[in-house]
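Participant: Pasted the sequence and its predicted model underneath.
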Amino acid sequence: MATFFEYVIIGRKRYHASRSLGSRNSSLVHVVLPQQNQPAIDAYGEILEVFRFDQDIHYQGQSMYFVRMRWFRQWDREKEAVWETFGNSVGVHLWELDEYINMDTLLPALIDPTWIQNHVALKTVSVGPNHEKVWATIDLAKARYTINAD
């Protein structure tokens, strides 16, 4: 049996499921995906659903918690040098506008909620010689650190 929740709290931060909230503003996150015998993968995306799955495995009566994600599709075409500077100094990432990675990629659709690191802020910006509209994100923990470092 599955029980769905509007949000999950991790490290005193509340992360909302966009399908419950009707908005993605509090659902955009930076996730670190652990890998066996390899470095972890940083991924960015939107929390769609938060749920608990109850199954009596070996009569243990344990619950498993999951977050269903959709992942941003990286934008990697020609851009001004300032975007490289932002990317290297404060962690700004560029993504295809309103596009997500297909579910048949290496990134999992279901993740452990504890893999969520921080909220990210998202803004639509114009990039490159053709002024293509893309999403720009920044991890809010990095933004706070950069602002407070001065």
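Facilitator: Received it, and whenever you're ready, just let me know what you need.

Participant: Run a quick neighbour tally on residue 119.
Facilitator: Residue 119: 21 surrounding residues under other C-beta atoms under 10 Å. The C-beta positions use only the backbone N, C-alpha and C, and glycine is treated the same way.

Participant: Surely it is in contact with residue 16?
Facilitator: No. At 9.8 Å, residue 119 and residue 16 do not qualify as touching, with contact defined as C-beta atoms under 8 Å.

Participant: what touches both of these two?
Facilitator: Shared contacts of residue 119 and residue 16, defined by C-beta atoms under 8 Å, 6 or more residues apart in numbering, are found at residue 26.

Participant: Skipping adjacent residues, who's closest to residue 77 in space?
Facilitator: If you skip the residues right next to it in sequence, residue 77 has residue 128 as its closest partner in space, 6.2 Å away by C-beta to C-beta, 6 or more residues apart in numbering.

Participant: I'd guessed that neighbour sits against residue 81; true?
Facilitator: No. Judged on C-beta under 8 Å, residue 128 makes no contact with residue 81 at a distance of 11.4 Å.
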